[in-house]
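Asks: model this:
(4 chains, ligands or ions: 6)
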Amino acid sequence: MKTEKMTIVHHERIAKNIYQIRLAGALVAEMNEPGQFVHIKVTEQANPLLRRPLSLCDINKEAGECTIIYRAEGAGTTLLAKKRPGEMVDVLGPLGNGFPIEAAKTGERALLVGGGIGVPPLYELAKQLVKKGVSVTVVLGFQTKDVVFYEQKFAEFGETYVATVDGSYGTKGFVTNAIDDRAISFDVLYACGPKPMLKALEQKFPDKDAYLSLEERMGCGIGACFACVCRVPNSETAYKKVCSDGPVFKAGEVVL
Amino acid sequence: MKTEKMTIVHHERIAKNIYQIRLAGALVAEMNEPGQFVHIKVTEQANPLLRRPLSLCDINKEAGECTIIYRAEGAGTTLLAKKRPGEMVDVLGPLGNGFPIEAAKTGERALLVGGGIGVPPLYELAKQLVKKGVSVTVVLGFQTKDVVFYEQKFAEFGETYVATVDGSYGTKGFVTNAIDDRAISFDVLYACGPKPMLKALEQKFPDKDAYLSLEERMGCGIGACFACVCRVPNSETAYKKVCSDGPVFKAGEVVL
Amino acid sequence: MNRLAVQLPGLSLKNPVMPASGCFGFGREYAKLYDLNVLGAIMIKATTLEPRFGNPTPRVAETPSGMLNAIGLQNPGLEKVMEEELPWLAQYDVPIIANVAGSTMEDYVEVAKHISKVPNVHALELNISCPNVKKGGIAFGTVPEVAAELTKLVKEVSEVPVYVKLSPNVTNIVEMAKAIEAAGADGLTMINTLLGMRIDVKTAEPILANRTGGLSGPAIKPIAIRMIYEVSQAVSIPIIGMGGIQSAEDVIEFFYAGASAVAVGTANFIDPFVCPNIIAELPALLDELGFDHISECTGRSWKKGGPTVYCGA
Amino acid sequence: MNRLAVQLPGLSLKNPVMPASGCFGFGREYAKLYDLNVLGAIMIKATTLEPRFGNPTPRVAETPSGMLNAIGLQNPGLEKVMEEELPWLAQYDVPIIANVAGSTMEDYVEVAKHISKVPNVHALELNISCPNVKKGGIAFGTVPEVAAELTKLVKEVSEVPVYVKLSPNVTNIVEMAKAIEAAGADGLTMINTLLGMRIDVKTAEPILANRTGGLSGPAIKPIAIRMIYEVSQAVSIPIIGMGGIQSAEDVIEFFYAGASAVAVGTANFIDPFVCPNIIAELPALLDELGFDHISECTGRSWKKGGPTVYCGA
Ligand SMILES: Cc1cc2nc3c(=O)[nH]c(=O)nc-3n(C[C@H](O)[C@H](O)[C@H](O)COP(=O)(O)OP(=O)(O)OC[C@H]3O[C@@H](n4cnc5c(N)ncnc54)[C@H](O)[C@@H]3O)c2cc1C
Ligand SMILES: Cc1cc2nc3c(=O)[nH]c(=O)nc-3n(C[C@H](O)[C@H](O)[C@H](O)COP(=O)(O)OP(=O)(O)OC[C@H]3O[C@@H](n4cnc5c(N)ncnc54)[C@H](O)[C@@H]3O)c2cc1C
Ligand SMILES: Cc1cc2nc3c(=O)[nH]c(=O)nc-3n(C[C@H](O)[C@H](O)[C@H](O)COP(=O)(O)O)c2cc1C
Ligand SMILES: Cc1cc2nc3c(=O)[nH]c(=O)nc-3n(C[C@H](O)[C@H](O)[C@H](O)COP(=O)(O)O)c2cc1C
Ligand code: FES
Ligand code: FES
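Replies: Residues are numbered from 1 along each chain as shown, chains lettered A, B, ... in the order given. Ligands and ions are numbered 1, 2, ... in the order given. The predicted structure follows:
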């Protein structure tokens, strides 16, 4: 964990408001776990003030590059979307604890479920699982057809299904509908996406070994400010920090 | 007077912390008077918040371009200095009342005195005076050698003398020393620079027809906010606004 | 139906967006840039009984996402405002809200009595909160009893509804608002500037000649929102909200907090077309958010039981 | 001579820069990034008698050049802080300023009594101003008599000097400061956050689960400077200044206003190395400005008759 001005080597819009950015820098050497994130400052000005947490989507150690996929929506990400290759961004990372690869044994089956901008970290995860010999099924949920991305890229690793809320692409409905449709079986579940999706998965598969990546508004991103806590079951005061204890937790470890 | 996103066509450092920027846009058609200024917003962000007043240094109607010379010092101008050709800046202008060309008759002699970042507007002034057949003498004052600029450019219009406070270039001392050294004679005086310089000139030439360009911290730049007022002699309440009544005033019209 | 039209005491507004006092002079400069008829209303520069020169310069200083000003209520005085500025503004079909200031209660009463008779003045705004004038200004806006008494006296003489402009430099803004409501005010405008200061690192001198000044602009928006949120739940007179508004989204945020109309101040300096631009953008934003009329937004952040708000996400 | 060394009641600081309470936890996270020994001091997260979970999330929201927080004083409680955090911090040669909070006077007294006995705690900072805790918090920091009484009670039991942290959400900060000084405080720290709020335009819901929160960051700097300027002229106890500091220049501005040391809060989130960076940059800035020692800067904006300040322009 440190800060570095990383160089933008590639920047591209891959779906409506969805951008893929590739960054080069020494920091890549420290990036290992899928599900870890970086905290990015998009301007040297005091406004927008805070860093933005974005997940690592692809780690390419040989090239010394990492890829991030983000939705340009608010002040910070809109500014980021304007940056051109050759420019720098200030990156703090890598942060947090990612998805445990060791949870799935060689030969086992892993189900990866992503929702919206929760999809990106699953890509590095799929890559590392497949490399280990875990067989991977991927279910991706999006709002609508325009914002679907990376279906083909995931298909290289395993069966990939897409659901859209409005039915404009793939299964109509939520990721859970797509899972039901196929009666997918698996040993380990990995998921990243909005809280309602994670809750639905937790309820649907109460007995499975499941790992969920959480989102929370952050201040420091490193565990110092107590902005991003979530509760631990059956305690009034116990807590975990999404930024430094998470963002990935074992299902049941924290209250969603 | 209107706002326009003008395109940077050229941007260059011409002395220590001194930059020359050339902007293209329809607004140039409205720019006429030397001594007028534009009010520039250097970022779309809320910080730095205010526009920056910068004088027109050269107006090229045929090319549809204008040139501005500025010192990159504070938050706004430092950001401006980072902009590259092809990028846009948000310009409000042209603003204020410039130097009266008509004050000097064809064949008369004009003395142009500039101090530091007060030098730029004198360039368009010299150009227009010479075109009219007024003979021009120029005295430029700077802090030190490193920040001297445009001596040669002015020399194309008339005799040009430079003074530096530390004596590292030209006459040692202030513009008034340089004027004394040469015993320059003239019919009309035009000056732009720091208030102490303008005061010294006003006192030195009490009977001359003199036009002085003032600087004041501005809010709106168009006369609405009362940020930039100066007093009128012999009145408790009378005032002039530097932005809309000035920045150029006849000597004696306002209290320096 | 005009989706932006708003009815407030004395004010029948075609839309709820107006320039804030002191940030628009008496309209002459902006009239060169656009047709003032598009505005919901105009809050003119504070008017005092006698002409005032105001404070020495520098009068403005920049701060992170904000600015300080210490204009010191410079204005041409009641007589000139009534003889020159208001008649000139009468060419526009725009209600004027006259910002009234003074150093004594009698000053306020005198200005209010006369200026409220001018036909295009549809409401008064009592500037009890300007932090720049040493004499009186601060006390009027920070002591509930004093603000209430002033409100009562002005109400007695004014021919138009009276809005009182709250200062944010107080411990308890709700207490102030309630006292002023009880004294008969027809509405509130809030917030005025926060008292601030900047010091030049090179010279160790305050940048403003007056040393301290009023902080305005986006930096103060969260404070304005919080105060309007609190006050709107405690009083039943309408609030014209202001403090850092720059966009149509900001306007909606102020309405949600509890405002029934808004004023735009500092943003006029950054984009002189900000008011007409916001007015033009509001209908599309209402569509996006699923509202028929902008007044549905008022107080929505605290009103219970209303229809479910459309969520874009 | 150490040009940055500063002596304050109970605190012998190698430099006047320290992380502000709540923005640095108990130091463990930043210790992974740099050697904490470079810091002048550390203000630890508010400690209460019992562990607290704090408010529901979201707890932070961004604002123009600032942020809102409503952490709600989450902390592991006095016992754990004394048993785990302070002993861990004792490995560093850095004085600790323990930020003390509570819901009743008895809470404060109890925490102060015990925590002031820990050897590396060199001073207490009474957090009477946190706007997030509904019970008590607001009143302690806004009523001079109450703040004074609390100060007195804590002074009676504390084994180390007591600094009281002022809330900016008051009409008269000087009155507060004087009452606290008279009650025996050894120093003041200021300012805590300003109460603010943001509302989501899409949902009409406040962004913070707690609805309102404390505004910090560069946006509040001019307010902090003004308050320190006013208070430092009215009291004779030293002030540790804070509110939006991001750079060595900001530190100097706080000193000019009247501070004798400074704390850096929000800026740690943006640049985790901001404290060591500022400390490293200060000597060169002192050279540029012509000062031998940083304490020459204290109060320079209002002190008359000092040596003329070098002006770079
Ligand atoms: C661990 C983690 C990993 C993430 N990975 C990705 C990713 O790979 N791709 C991606 O597109 N998004 C990701 N997000 C969400 C992303 O951080 C937000 O979309 C982004 O911060 C919004 O910034 P903005 O400038 O668009 O919005 P603004 O509205 O300007 O943001 C204002 C503030 O709110 C915070 N904020 C707003 N929305 C969110 C959110 N959903 N989660 C957390 N903070 C938020 C911002 O960080 C900022 O502090 C991740 C979030 C977390 C916590
Ligand atoms: C009519 C007019 C014409 C000018 N023409 C030129 C020119 O051609 N070239 C040039 O280099 N400079 C010119 N100046 C000065 C120029 O406006 C300032 O140097 C510039 O605004 C400083 O901005 P900054 O971002 O560097 O400083 P910051 O310190 O970040 O500025 C903070 C605030 O103070 C204001 N400010 C700071 N210094 C000055 C100053 N000297 N005058 C007015 N406002 C100031 C800024 O506009 C801004 O609002 C002119 C000023 C005026 C009033
Ligand atoms: C330069 C300037 C002058 C102002 N003059 C007045 C005034 O005369 N009367 C008044 O009531 N408010 C005055 N204000 C306050 C504004 O009307 C408004 O309440 C405040 O600036 C907050 O809004 P904003 O952030 O949109 O500017 C002034 C503000 C500025 C910036
Ligand atoms: C996330 C966060 C948590 C804070 N927690 C505390 C706290 O526990 N006790 C306290 O006295 N102040 C607390 N503060 C206030 C800071 O110590 C500081 O006074 C304030 O943020 C202004 O400084 P800044 O602008 O540099 O952040 C907190 C501030 C933030 C941003
Ligand atoms: S974001 Fe600060 S503790 Fe997690
Ligand atoms: S800058 Fe606003 S009146 Fe001149």
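Asks: ok, stretch C:142-161 near ligand 3 or not?
Replies: No - using C-beta under 6 Å from any ligand atom, stretch C:142-161 stays clear of ligand 3, with a minimum separation of 13.9 Å. To be clear about C-beta, it is placed using only N, CA and C from the backbone, and glycine gets the same treatment.
Asks: so who does the closest residue to chain B within the stretch 51-200 of chain A touch?
Replies: Closest to chain B within the stretch 51-200 of chain A is A:Leu79: 7.8 Å, counting by C-beta to the nearest C-beta. Residues counted as contacts of A:Leu79 (C-beta atoms under 8 Å, 6 or more residues apart in numbering or on different chains) are A:42-43, A:48, B:45.
Asks: switch the cut-off to 7 Å
Replies: The contact partners of A:Leu79, taken as C-beta atoms under 7 Å, 6 or more residues apart in numbering or on different chains, are A:42-43, A:48.
Asks: do A:Lys5 as well
Replies: Contacts of A:Lys5 (C-beta under 7 Å, 6+ apart): A:88, A:90.
Asks: Need the pLDDT of it.
Replies: On pLDDT, A:Lys5 comes in at 97.
Asks: Which strand or helix spans it?
Replies: Assigned by DSSP states H and E, A:Lys5 belongs to strand A:2-15.
Asks: Could you list the buried residues of that strand?
Replies: Buried residues in strand A:2-15, counted by 16 or more other C-beta atoms under 10 Å in any protein chain shown: A:3-4, A:6, A:8-9, A:11, A:15.
Asks: now check that strand, is it near ligand 1?
Replies: No - using C-beta under 6 Å from any ligand atom, strand A:2-15 never reaches ligand 1; the gap is at least 11.3 Å.
Asks: quick one: pLDDT of the residue in the stretch 151-256 of chain A that chain B sits nearest to?
Replies: Going by C-beta to the nearest C-beta, chain B is nearest to A:Gly219 of the stretch 151-256 of chain A, at 19.2 Å. In this prediction, A:Gly219 carries a pLDDT score of 97.
Asks: quick one: it and A:Lys241 touch, right?
Replies: No - in this structure A:Gly219 lies outside contact range of A:Lys241 using C-beta atoms under 7 Å: 10.7 Å.
Asks: which strands and helices sit next to the host helix or strand of C:Ile223?
Replies: Assigned by DSSP H and E, C:Ile223 belongs to helix C:221-232. Helices and strands touching helix C:221-232, by 3 or more C-beta pairs under 7 Å, 6 or more residues apart in numbering or on different chains; DSSP states H and E, are helix C:173-182, strand C:187-190, strand C:239-241, helix C:248-257, strand D:194-197, strand D:212-216.
Asks: what does it contact?
Replies: By C-beta under 7 Å, 6+ apart, the list of residues contacting helix C:221-232 from outside reads C:168, C:173-174, C:177, C:188, C:190-191, C:194, C:239, C:241-244, C:250, C:253-254, C:257-259, C:299, C:301-302, D:63-64, D:68, D:194-199, D:212, D:215.
Asks: Doesn't A:Ser185 lie inside a helix?
Replies: No - counting by DSSP: H, G, I helix; E, B strand; the rest coil, A:Ser185 is not found in a helix; it is coil.
Asks: How much space separates it from chain D?
Replies: According to C-beta to the nearest C-beta, to the nearest Å, A:Ser185 and chain D sit 35 Å apart.
Asks: Find the nearest non-adjacent residue to C:Asn2, please.
Replies: Excluding its sequence neighbours, the residue lying closest to C:Asn2 (C-beta to C-beta, 6 or more residues apart in numbering or on different chains) is C:Lys14, at 6.5 Å.
Asks: and the gap between that neighbour and ligand 1?
Replies: As judged by C-beta to the nearest ligand atom, to the nearest Å, C:Lys14 and ligand 1 stand 32 Å apart.
Asks: Nearest to ligand 3: which residue in the stretch 101-250 of chain C?
Replies: Here the stretch 101-250 of chain C gets closest to ligand 3 at one residue, C:Ser216, 3.2 Å apart by C-beta to the nearest ligand atom.
Asks: again with the stretch 51-200 of chain A
Replies: Going by C-beta to the nearest ligand atom, ligand 3 is nearest to A:Ala75 of the stretch 51-200 of chain A, at 18.2 Å.
Asks: which intervals of chain C have sub-threshold pLDDT?
Replies: Counting by pLDDT under 70, the ranges of chain C that qualify are C:1, C:130-139, C:304-313.
Asks: any idea of the angle the lengthiest helix in it forms with helix C:248-257?
Replies: When chain C is scanned for its longest helix (criterion: DSSP state H), the result is helix C:274-289. Helix C:274-289 runs at 70 degrees relative to helix C:248-257, counting by axes from the mean of the first three to the mean of the last three C-alpha atoms, to 10 degrees.
Asks: and the residue in the stretch 51-200 of chain C positioned nearest to ligand 2, helix, strand or coil?
Replies: Here the stretch 51-200 of chain C gets closest to ligand 2 at one residue, C:Glu62, 4.1 Å apart by C-beta to the nearest ligand atom. In three-state terms, and counting by three-state DSSP, C:Glu62 is strand.
Asks: Name the nearest residue to it, ignoring sequence neighbours.
Replies: Spatially, and ignoring its direct neighbours in sequence, C:Glu62 is nearest to B:Leu50 (5.2 Å; C-beta to C-beta, 6+ apart).
Asks: ok, the one you found - how many residues close by?
Replies: B:Leu50 is flanked by 27 other residues according to other C-beta atoms under 10 Å in any protein chain shown.
Asks: For it, give me its contacts.
Replies: Shown in contact with B:Leu50 (C-beta under 7 Å, 6+ apart): C:62, C:67, C:269-270.
Asks: Now, the residues you listed that are in helices?
Replies: Taking DSSP H as the definition of helices, the contacts of B:Leu50 contribute C:269-270.
Asks: For the contacts of B:Leu50, give me JSON lines that also has neighbour count.
Replies: Shown next, in JSON lines, are those (neighbours: other C-beta atoms under 10 Å in any protein chain shown):
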{"residue": "C:Glu62", "neighbour count": "22"}
{"residue": "C:Met67", "neighbour count": "30"}
{"residue": "C:Phe269", "neighbour count": "29"}
{"residue": "C:Ile270", "neighbour count": "21"}
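Asks: would you turn the contacts of B:Leu50 into JSON lines with distance to C:Ile279?
Replies: Converted to JSON lines, the contacts of B:Leu50 look like this (distance: C-beta to C-beta, whole Å):
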{"residue": "C:Glu62", "distance to C:Ile279": "27"}
{"residue": "C:Met67", "distance to C:Ile279": "24"}
{"residue": "C:Phe269", "distance to C:Ile279": "18"}
{"residue": "C:Ile270", "distance to C:Ile279": "17"}
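Asks: Report the separation between A:Gly64 and A:Val28.
Replies: The spacing between A:Gly64 and A:Val28, counted by C-beta to C-beta, to the nearest Å, is 5 Å.
Asks: Which part of chain A gets nearest to ligand 1, residue-wise?
Replies: Closest point on chain A to ligand 1, by C-beta to the nearest ligand atom, is A:Gly74, at 2.0 Å.
Asks: Tell me which stretches of chain C form helices.
Replies: Ranges of helices in chain C, per DSSP H, are C:28-31, C:78-80, C:86-89, C:105-115, C:137-142, C:144-157, C:173-182, C:221-232, C:248-257, C:267-270, C:274-289.
Asks: Any idea which of these gets closest to D:Thr48?
Replies: Proximity to D:Thr48 (C-beta to C-beta) singles out helix C:221-232 among the helices of chain C, at 24.7 Å.
Asks: Quick check: chain neighbours aside, which residue is closest to residue 126?
Replies: If you meant another chain, say so; for now it's chain A. In this structure, A:Ala126 finds its nearest non-sequential neighbour in A:Phe157, 4.2 Å apart by C-beta to C-beta, 6+ apart.
Asks: ah, no, chain C please
Replies: Nearest one to C:Leu126, counting by C-beta to C-beta, 6+ apart, is C:Val164 at 4.7 Å.
Asks: What of A:Leu189?
Replies: Using C-beta to C-beta, 6+ apart, the closest residue to A:Leu189 is A:Ala210 (4.0 Å).
Asks: Need the three-state assignment for the one you found.
Replies: Judged by three-state DSSP, the three-state class of A:Ala210 is strand.
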